[in-house]
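*Asks:* pasting the structure only:
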C-alpha cells in the first residue's frame, strides 16, 4: 500500500471510486476480531470484508459496539477462548496472508512514508528559498 499525503502531511484516504473498484474486482480484507460475548464467553474470529465495509466495521469495533459479524462479511474461522490456536493462525497466514503484526507493520510503514514526505517537503522549501534568494541577488545587480 502506497500512502498519499496532502500538503499538510495528512494521509489522504482512498476515494469512494477506489473503494468501489476494490469491491468490484473481488478484493477483500481479512480482519481478526477477539472479544467477549454478552454471556461472558471469549471468542475469536477471522472475518473477510469487502473494502467498502472495512471502515464501518473498524468504527463499530473501536466503539465497542455489539457487532453482528455476518452484517459486515464472511466469517472464515470462529472459535472460543482467549487465545487463537497456533495452527489456526498458521492456516490463516498461509491461506489469506494474515499477519498478527499487520497494524504494527503498517504504522511503521506509515511513519517511514511520512518521514520521506516531510523530507521532500523540506527539500522543496529549501529549494524555493534558494531560488528566491538568487532572484533577489539578480535584482540587485
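*Replies:* Ah, there it is. Computed from a predicted model, the values in this text were never measured in an experiment.

*Asks:* Only C-alpha atoms from now on, for both contacts and neighbour counts.
*Replies:* Noted.

*Asks:* Could you list the low-confidence segments of this protein?
*Replies:* Per-residue confidence for the chain (pLDDT under 70) gives these ranges: 1, 141.

*Asks:* Outline the domain layout of it.
*Replies:* Annotated domains of the chain cover 27-99, 101-141 [automatic domain parsing].

*Asks:* separation between the residue most central in space within the chain and residue 99?
*Replies:* Nearest to the centroid of the C-alpha atoms of the chain, with distances taken as C-alpha atoms, centre = their mean, sits residue 106, at 6.6 Å. With distances defined as C-alpha to C-alpha, to the nearest Å, the gap from residue 106 to residue 99 amounts to 11 Å.

*Asks:* can you check residue 25 too?
*Replies:* From residue 25 over to residue 99 (counting by C-alpha to C-alpha), the distance is 23 Å.

*Asks:* Neighbour count: these two, which is higher?
*Replies:* In this view residue 25 and residue 99 are compared by other C-alpha atoms under 10 Å, and residue 99 has more residues nearby, 17 against 8.

*Asks:* so who does residue 4 touch?
*Replies:* For residue 4, the contact set (C-alpha atoms under 8 Å, 6 or more residues apart in numbering) comprises 11, 12, 13.
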